[in-house]
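Colleague: I would like the atomic coordinates for the input below:
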Amino acid sequence: MADTTKDIWNDDDGEEQKPKKRRKLPGILLFLLTLAVVLGVVLVAAYRDGTGFDVLRRYFSYSREEKTSGDAGYDYDASSSNRFAALGDTLVVLSDTSLKLLGQGGEELWSANVQMKAPALATGGGRAVAYDVGGRELYVLDEKGEVASFETNEEEPLIAATLNGKGWLAVTAEKQNYKACVSVYNAKMEKVFDFNSSRRFVSDACVTDDCAYLAAVTLGQEDGAFVSNIVLYDLTQTEPVANYSVRDGLVMSITQQSGKLVTVSDNKLTIADTAGQIAGEYSYGGAYLREYDCGGDGYTVLLLNRYQSGSVGRLVTVGTDGEELASLDVHEEVLSVFAAGRYVAVLYTDSLVVYNPDLQAYATLKGTGYAKEALVRTDGSALLVASESARLFLP
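Modeller: Numbers count the residues shown, from 1 in each chain. The predicted structure is shown next:
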């Protein structure tokens, strides 16, 4: 039955309504529809390998000029002692005479004059620690500038410094009347723990990412064999709670990935838990360790050479169970290897290749003969570092 009700307020008194003209979709609606399609494609990629979200991050993080011309860069003084670290959009440049923090547009955000004989840089938790191996100066920076600075006593030259995923600092140094000492500072740079080693030398140490334990690398001998012993401390106790040994190898680095302690030595990787139980090992099989980086998200990247010199070797990624994830034969000179998140940047003599952990090429840039180092960031972008400048590469 037809509706015969009348609306006295909107009654057209019997006049026929004119047909309404169709309006074109507003420009903003077209833009939103286009964006929805792009987002759909990106989400498919993100679901497949996780890189789609990084495409969005790069798209919204960098200006149009950076995307099209790649002219964004950082300029600095040339020095054979220069060391580099990326902190978000900023670049830390450390030499034997200066420490600088450069902004995305190349502007100097912060700087200090230093006197270092062996400058070193380490990163973690959105911070960088700059220090002098065998010296006394140490600085902690974030993307805005200096967070803290320390100067040790003459009797306590620095050996190593590390930052965990939350910005906690572990400083290893020599100490008079002891073999070494380790001090731990929280994110506010307040000292919360230290210990003195009277029996063994300490070469390195790190705080676990849950900020509950300290893992220290001590050096010694057992039964005539060289041994690196990893000693674990609960930061609320003065006595060690666990330890484990890495035999027949010199531990060069210790860090944590996915809750596991990872040590890189000259002949193998060793993975252990914070209870001191070894969970896995990866032997180099007689190959020579040329380069390595532990900055990957749950993996370590190694460059293993067949000979002590030359360019014949393999690029390998190893998971936190000690199992090989992928391997790639290399037949050309490698200048640097760097890992961050799900990306591995390998700089060859005239090209940069950004791989994923499966060592499938994600992006390639030719004509990089000017660069001597490449720093990849967690969004997949990379900085090509040359003698006097660093330039941004966006896949």
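Colleague: what is the rounded mean pLDDT of the helix or strand harbouring residue 318?
Modeller: Element membership of residue 318 [criterion: DSSP states H and E] is strand 313-319. Mean pLDDT, strand 313-319: 97.
Colleague: Name every strand pairing with that strand and say which way it goes.
Modeller: With DSSP bridges as the test, strand 313-319 is paired with strand 299-305 (antiparallel), strand 324-330 (antiparallel).
Colleague: could I get those as a markdown table with mean pLDDT?
Modeller: What follows is those, written out as a markdown table (pLDDT from 0 to 100):
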| stretch | mean pLDDT |
| --- | --- |
| strand 299-305 | 97 |
| strand 324-330 | 98 |
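Colleague: Let me know which of these is tucked in deepest.
Modeller: Highest mean neighbour count of the strands paired with strand 313-319: strand 299-305, a mean of 22 (counted as mean count of other Cβ atoms under 10 Å). C-betas here are computed from N, CA, C, even on glycine.
Colleague: Would you mind writing the CA trace of that one as CSV?
Modeller: Provided in CSV are the C-alpha atoms of strand 299-305 (Å, rounded to 0.1, in the frame of the first residue of the first chain):
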residue,chain,number,x,y,z
TYR,A,299,69.7,-12.8,13.8
THR,A,300,73.5,-12.1,13.3
VAL,A,301,75.1,-11.5,10.0
LEU,A,302,78.6,-12.9,9.3
LEU,A,303,81.0,-12.5,6.4
LEU,A,304,83.2,-15.6,6.3
ASN,A,305,86.2,-15.8,4.0
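Colleague: which of the residues in stretch 281-299 are buried?
Modeller: 281-282, 284, 287-296, 298-299 (16 or more other Cβ atoms under 10 Å).
Colleague: quick check, nearest of those residues to residue 238?
Modeller: residue 294 (28.8 Å; Cβ to Cβ).
Colleague: residues contacting the closest one?
Modeller: 253, 255, 257, 262, 264, 300, 339 (Cβ atoms under 8 Å, 6 or more residues apart in numbering).
Colleague: Mind checking which of those residues land in strands?
Modeller: 253, 255, 257, 262, 264, 300, 339 (DSSP state E).
Colleague: coming back round to it: just send the strands paired with strand 313-319 back as JSON lines, with distance to residue 163 too.
Modeller: Shown next, in JSON lines, are the strands paired with strand 313-319 (distance: least, Cβ to Cβ, whole Å):
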{"stretch": "strand 299-305", "distance to residue 163": "18"}
{"stretch": "strand 324-330", "distance to residue 163": "25"}
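Colleague: Point out the one among those strands that comes closest to residue 193.
Modeller: Among the strands paired with strand 313-319, strand 299-305 sits nearest to residue 193 (Cβ to Cβ), with 26.8 Å.
Colleague: Give me the contacts around that closest one.
Modeller: With contact meaning Cβ under 8 Å, 6+ apart, strand 299-305 is reached by 257, 262, 264, 269, 284, 287-294, 311-320, 325, 330, 334, 337, 339, 344, 357.
Colleague: Tell me how far that strand lies from the chain's centre.
Modeller: Counting by Cα atoms, centre = their mean, to the nearest Å, strand 299-305 is centred 15 Å from the centre of its parent chain.
Colleague: Stretch 305-317 now?
Modeller: Per Cα atoms, centre = their mean, the centroid offset for stretch 305-317 relative to its chain is 23 Å.
Colleague: Show the end-to-end separation of it, please.
Modeller: 14 Å (Cα to Cα, to the nearest Å).
Colleague: Next, the buried residues of that stretch.
Modeller: Buried residues in stretch 305-317, counting neighbours by 16+ other Cβ under 10 Å, are found at 305, 313, 314, 315, 316, 317.
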